[in-house]
Structure formats: C-alpha cells, structure tokens
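In: Task: produce atomic coordinates for the following.
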Amino acid sequence: MSKKIAVLVGSLRKDSLNRKVAKALIKLAPKSLELEIVEIAQLQLFNDDLDNDNNRPVEWTKFRDKIRGFDGLLFLTPEYNRSMSGVLKNAIDVGSRPYGQSVWSGKPGAVVSVSMGHLGGFGAYHHLRQTLSFLDVPAMAQPEAYVSDAASLFDDAGNLVSESKKESFTAFMGAFAKWVEKNC
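Out: Numbering: from 1, shown residues only. Take a look at the predicted model:
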C-alpha cells in the first residue's frame, strides 16, 4: 500500500524553481509513494488571537485537516536571508497550532532546498530542519538535498534536463521512501 506524502513548496513565484524541482521529484518517486503538492499561498498569516471557534480562518481548518490525511511530508524551500521562506514558515506555524494539536507531529519528513546560487540554500535547509526537530517531525538526515544552480536544470517547458540530477533525485526519493516506510 502506498504512503501519502504532502509536498509543501515554499515559493509562490509563477515560475518557481522549487515547484519545478517538486514536480521532478514527484515524477521520479517510487510507486510506494503517492505525492501531492499542498498549496499554502491561501493561508492567512498566523495570529493566535484568531485561532478559536469564533474567528478561525476556514483556510486554516481546511489545511490542517488535509495535512492530517498524509503519512509523510516533503518540504521544498528557497533561501531567503539564510532561512526558509516566510510563506513556508507561516504554513508550518498554522499546522502547529492549536498548542498540543500539531498536524506535523510524528510524520516522517525530508527537506530539499533549491537555489539559483551555488550554495543550494544551505542555510534555509538547516534552519528548516531545526524547526522540524521541534515539531517532532523525524527528518531524513541522508542523503541531503541542496539543489544549486537550479535554473540551469530545466528547459523552457519546465522539464528536468540534467541527467545527473535525475539520478540524484531518483536516489533521494528512493531513500525517502525507505525513510517513510521505516518511520510510519
């Protein structure tokens, strides 16, 4: 039976490299994983004052309910000022509340950082892993996935054209499938 994996893309750009990498990873994943991109752009900024039955934004409830239905998590983040994107952090915050009811807890996860630069989002990758540790998301440690020079990996139609990246993405997704199976 396949495991359902929520894919959270921390970039909202129309031509997002993170989304292109996410789609490539989905295509290269083993059949034991059923991956779905869960949209986060619609989530209002988290404000604890709103998180009650009288004020709670309906988008928060829908998002939380959707994430609860997944077995594992795959996070893709760009690097903004050596950290994850604000929109991804907001989604994480929305899912972690109300206190004691986090939708993230216990779900195995993995992190992929994507950058146009040469460092591959190293700072964002580790900052996100630190946050996941607090949220009780057992995050796969190896292989690490820092995708650098990402713009050169795709053709104009958004297809992954780098054979070496196809190989490394396939290996990453194979390791992730084993990680999910071990931790579910």
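In: The closest residue to residue 31 other than its chain neighbours: what's it in contact with?
Out: What sits nearest to residue 31 in space, not counting adjacent residues and going by C-beta to C-beta, 6 or more residues apart in numbering, is residue 2, at 6.7 Å. Quick note: C-beta positions are derived from backbone N, CA and C, even for glycine. If a contact means C-beta atoms under 8 Å, 6 or more residues apart in numbering, then residue 2 has 31, 32, 33, 34 as its contacts.
In: now, among those, which is nearest to residue 41?
Out: residue 34 (22.5 Å; C-beta to C-beta).
In: mind listing what's buried in the helix or strand containing residue 93?
Out: Per DSSP states H and E, residue 93 falls inside helix 86-95. Across helix 86-95, burial judged by 16 or more other C-beta atoms under 10 Å covers 87, 88, 89, 90, 91, 92, 93, 94, 95.
In: Quick one: buried ones out of the contacts of residue 2?
Out: residue 33.
In: Keep only those of the contacts of residue 2 that are in helices.
Out: Using DSSP state H, no member of these sits in helices.
In: Pipe the contacts of residue 2 into TSV and attach distance to residue 103 per row.
Out: As requested, the contacts of residue 2 are exported to TSV (distance: C-beta to C-beta, whole Å):
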residue	distance to residue 103
31	26
32	22
33	19
34	18
